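Novice: quick one, fold the following:
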Amino acid sequence: MTDGAADRQVVMTMSERQAQSMGLALELLMRVGIGQFEYIGEIARMGVLSESAPADRPRKEASLETCQQLDAVLTLAKGTLGHPPHGSFGIHHAHVGVDAKNAYELLCVLRQALAIAREQEAPAAARGVAHRGLTARVTGERAPKARVESGAGGPGMS
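Specialist: Next up, the predicted model:
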């Protein structure tokens with residue numbers, strides 16, 4: 001890290017849909033970082049991953065058979081790193097890398113901002129775990145912050 005880099009902040013603006021995609025990417029990094037490789041199979045089932053095909057052909061989501069093969073490979077990969085098939089580190093574990101821990105903290109804050117924004121649109125909605133935000137710090141980094149603003153550029157909620 002260069003001198004002064006710890007004092008700098010990065011500010012991004014994005015659409016709510018882009019924020020949801022960012023959340024998916026953060027969750028992927030966090031889960032793989034704690035040894036939950038099976039999450040890759042989960043996102044394949046959600047339609048995030050597609051099978052290879054020429055660009056002039058329609059996009060093809062991973063088939064059930066492909067997902068099952070992927071599960072077998074991912075279980076093997078977990079075992080290669082010493083994880084049992086249904087086990088992984090917790091986010092607080094000493095062997096979890098800082099990138100996975102940063103992804104966890106960023107994801108908590110991002111999910112909270114999106115949940116609060118959705119609540120503004122539908123106040124009767126039940127509060128879920130996303131409303132809690134970052135309740136347990138796992139890094140020494142400055143606590144991340146996120147808020148959703150209205151399309152007119154004015155502040156929404158924090």
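Novice: tell me which stretches of the chain form helices.
Specialist: Remark: helices assigned in the chain by DSSP state H are 16-33, 38-45, 64-80, 98-121.
Novice: tell me how far the residue nearest the centre of the chain lies from L107.
Specialist: By C-alpha atoms, centre = their mean, the chain has its centre lying nearest to E27, at 2.1 Å. Noted for E27: a distance of 6 Å to L107, by C-beta to C-beta, to the nearest Å. For the C-beta atoms, the positions are set from N, CA and C on the backbone; glycine is no exception.
Novice: do the same with D99
Specialist: Taking C-beta to C-beta, one finds D99 at 12 Å from L107.
Novice: show me which of the two is the more surrounded one.
Specialist: Neighbours of D99 and L107, each counted by other C-beta atoms under 10 Å, are more numerous for L107; the result is 23 against 13.
Novice: can you pull the contacts of the closest residue to the more buried one other than its chain neighbours?
Specialist: Distance criterion C-beta to C-beta, 6 or more residues apart in numbering; nearest residue to L107, sequence neighbours excluded, is L26 at 4.2 Å. Contacts for L26 were tallied using C-beta atoms under 8 Å, 6 or more residues apart in numbering; they are 103-104, 106-107, 110.
Novice: now flag whichever of those is closest to H95.
Specialist: H95 has its nearest neighbour among the contacts of L26 in Y104, at 14.3 Å by C-beta to C-beta.
Novice: and the closest one, how many neighbours?
Specialist: For Y104, using other C-beta under 10 Å, the count is 25.
Novice: one more: R59?
Specialist: R59 has 9 neighbours, counted by other C-beta under 10 Å.
Novice: for the protein, which spans come out with low pLDDT?
Specialist: Residue ranges of the chain with pLDDT under 70: 1-6, 120-132, 151-158.
Novice: could you rerun that using 50?
Specialist: Residue ranges of the chain with pLDDT under 50: 1, 154-158.
Novice: need the contact list for the spatially closest residue to A44 that is not a sequence neighbour.
Specialist: Nearest non-adjacent residue to A44, counting by C-beta to C-beta, 6+ apart: A62, 4.3 Å away. A62 makes contacts with 44-45, 47, 49-51, 70, as judged by C-beta under 8 Å, 6+ apart.
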